Each structure stands twice: as C-alpha cells, then as structure tokens.
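In: Fold the following and give me the result.
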Amino acid sequence: MRLTSIEVTKHWYGFFLSLTTAVLWGILPPFLMLSLEVMDAVTITLYRFFVAGIFVFLLLLKRKSLPRLSALSRNKSIGLLLASLFLVINYVANVKGLEYLNPETVQIVMQTAPFMLMVGGVVFYKERLNRLEIFGALMLFLGLILFFNDRLANLFLSLSQFTTGVLIILFAATAWAAYALMQKPLLKVLTAKQLTLLIYIIGFCVLLPFSNVLQLMDMQLIHVLALLFCCVNTIVAYGAFTEALNIWQAAKVSAVLAMAPIFTFLSMLVAVNWLPQHFTTSDLDYWAYIGAAVVIIGSAFTALGRSKV
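Out: Here you go, the predicted model:
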C-alpha cells in the first residue's frame, strides 16, 4: 500500500517529535544531578511542576479550553488524584535514584516501565500478549542480566547503596506504569493537555508541604541554569510527546523513546569531559554496554508489540 505525501509527512513529523522527546529525556539526568548538589528531589520536582503548570495553563487559557471539573464523575476524580500521585512518585523517585546510581544505570532500569505497563494492561484491562511483546520482555530481562553481570550478587544479596538505588528506580518505573494505566480512562473526558494541567496542579499541592523552596537562594549560577533547563525540558519534552501521540501510533512513539538511554550515555561522556569537577566516569564494563543495547532493543520490541494487541 502506497502512502500519500501527507501520510509520509505525518510519519516523519511523528518520528521527529518522538526523537526530540527521547533526546530531551536522555540528556536530562546530568542536569538533574547538578541541581541535586544543592536542592533535594522533592523541591526540584516542585519547581518543574510549577513552571510547566504555568505554561500549560497559559496555553489552555489562550485557547479557551481550560478543563472543567464538572465533567469528571466521582470515580474519574478519584482516578485523577491517583494518576497525579503516581506521576509525582515517578518524578521524585527518578530524581532520588540519581543520589544512589549513575545516570546510565537509572535510565536502563527505567526501561522496565514498558514491561510493567504491559503486565498492567493484562491484569487490569484483560489485554492479551503477543509473541513480539513476549520476545521483547525476554530480551529486556536478558539485557538487564548482562548489564548488571558481576553486580547481580551484590544486587540480590545485600542492601547496599546500589541495591537501594535500583529499588527506588524500579519503584519509579512501577509508578509510571500505574500513572499510564490510570490516565487511560481520564483521556476519554479530558484532552491530554487538560489532564496534564490538572496533574501539575495536584502534584504541586502534594509536593509543597515537603519542599524547601528557599534552597533556590543557595544555588550558584550553574545550578540555577541546570534547574531552569530541567523545567524547560519538562515543558518541551512532554509537549513533543503529546503531539507525537496525536499524529503517530503510540507503539511507534514508545519504540523511539526506548532510545533515550543512548542519549544519556552520550550526554554523560560530554559532562565528564566538560565538568569533571561535577561528574565522574561510570564504572561500566563492555558487558554492561552490550546489556544496555539489548535492554533498549527489548524495550522497543515490547512497545511495538502493543500495536498488535
């Protein structure tokens, strides 16, 4: 079947938006690490929600499409609160994990999120698995075994800083999958941007009592710029992600997003060379790099399998 010029344009535009999201999510960890030098994970997330929330609010206000809470039933309202809580947990835990693990490991472990989403779809929405998803899941676990290789014993036999970090990121991945499952029915009564705004508002209210906003005063210029990048990254990346989902298949978008760890590895190479006083080289061997590649491929196959369901 031959594609029209419009379909080809939409295909490449969808790919470009997805790749933009993957790049922005991939290069985010070094900037989060810089922010973490003087600000805690909860406060960083608060500022990200605050800045992104203001942007989405002004955008919806201009379009006269602010969400109406009256459109939400009692069950949908509870679902909104839970979705917001899960996304807050995902954001905070993802940043917190960087206090225990290097960014490369954080990104690789986060690739378990599509698998958890797949399992959640089977359990809660009675979706059926296909061979591509099963193959992707097997590759994902094989890749994780190769990635951790000689660290597997330490991971399972002791509650070290490394183990704690991996557990935190697995918790973040689980929270993301739960958020994705909870938002599915909400998108039937709200647009993606309306839902995002409400989640940012609820998330901000949840985070505020546990935050220390005055930590901003202790930041040097490099830390302020890093935090600003994190906030702008949240706006642009999620904007590109939402638009990509509007014009391209969700499975294809997710498959491209599986490339995010590649850009984390590259960004850390740059960070170590440009700012050696803030970053150190990760102690990963060649088996870890092979495992990372297998994890990325497995995650992409798992995502692509969703289109076959």
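
In: Just after the worst-scoring helix or strand of the chain on mean pLDDT, pick out the following helix or strand.
Out: Counting by mean pLDDT, DSSP states H and E, the chain has its least confident helix or strand at helix 152-157, which shows a mean of 76. The helix or strand immediately downstream of helix 152-157 is helix 161-186, counting by DSSP states H and E.

In: Now that following helix: average pLDDT?
Out: Averaging pLDDT along helix 161-186 gives 91.

In: so what's residue 145 up against?
Out: 152, 291 (CB atoms under 8 Å, 6 or more residues apart in numbering). C-beta coordinates here come from the backbone N, C-alpha and C atoms, glycine included.

In: What of residue 132?
Out: 301, 302, 304, 305, 308.

In: can you give me how far the least confident helix or strand of the chain is from the chain middle?
Out: Here helix 152-157 is found 26 Å from its chain centre; the criterion is CA atoms, centre = their mean, to the nearest Å.

In: Just list what that helix packs against, helices and strands only.
Out: When contacts are defined as 3 or more CB pairs under 8 Å, 6 or more residues apart in numbering; DSSP states H and E, helix 152-157 packs onto helix 161-186.

In: ok, residues contacting the helix or strand just after the helix it packs on?
Out: Of the helices and strands lying after helix 161-186 in sequence (DSSP H and E), the nearest is helix 192-207. When contacts are defined by CB under 8 Å, 6+ apart, helix 192-207 is touched by residues 42-43, 45-46, 49-50, 52-53, 56-57, 59-60, 65-67, 80-81, 83-85, 87-88, 91-92, 183, 186-187, 190, 238, 242, 245-246.

In: What of stretch 112-119?
Out: 129, 133, 136-137, 140, 144, 170, 173-174, 176-177, 180-181, 254, 258, 299, 302-303, 305-306.

In: now that stretch: how far from the chain's centre is it?
Out: Taking mean C-alpha positions (CA atoms, centre = their mean), stretch 112-119 and its chain are 13 Å apart.

In: For that stretch, list every residue counted as buried.
Out: Under the neighbour-count criterion of 16 or more other CB atoms under 10 Å, stretch 112-119 has 112, 113, 114, 115, 116, 117, 118 buried.

In: Looking at it now, give me its mean pLDDT.
Out: 83.

In: go on, stretch 251-259?
Out: Mean predicted confidence for stretch 251-259 is 83.

In: Stretch 28-38 too?
Out: On average, stretch 28-38 scores 96.

In: In contact with residue 105: list those residues for me.
Out: 147, 165, 166, 169, 282.

In: please redo it, this time with the cut-off set to 10 Å
Out: 97-98, 147-148, 151, 162, 165-166, 169, 261, 264, 282, 284, 288, 292 (CB atoms under 10 Å, 6 or more residues apart in numbering).

In: what's the answer for residue 19, then?
Out: The neighbours of residue 19, taking CB under 10 Å, 6+ apart as the test, are 240, 244, 253, 256, 257, 259, 260, 263.

In: likewise residue 225?
Out: Residue 225 neighbours (CB under 10 Å, 6+ apart): 31, 34, 35, 219.

In: Touching, the first one and residue 227? I think so.
Out: Yes: if you go by CB atoms under 10 Å, residue 31 and residue 227 touch, sitting 7.9 Å apart.

In: so what sits against both of those two?
Out: Joint contacts of residue 31 and residue 227 (CB under 10 Å, 6+ apart) are residue 44.

In: Hey, what's the angle from the strand or helix carrying residue 118 to helix 161-186? Just curious.
Out: Using DSSP H and E, residue 118 falls within helix 113-125. Orientation of helix 113-125 against helix 161-186 (axes from the mean of the first three to the mean of the last three CA atoms, to 10 degrees) gives an angle of 50 degrees.

In: pLDDT weak spots in the stretch 1-150 of the chain?
Out: In the predicted model of the stretch 1-150 of the chain, residues 1-3 satisfy pLDDT under 70.

In: correct me, but residue 150 touches residue 291?
Out: No: applying CB under 10 Å as the test, residue 150 and residue 291 come out as separate, 11.5 Å apart.
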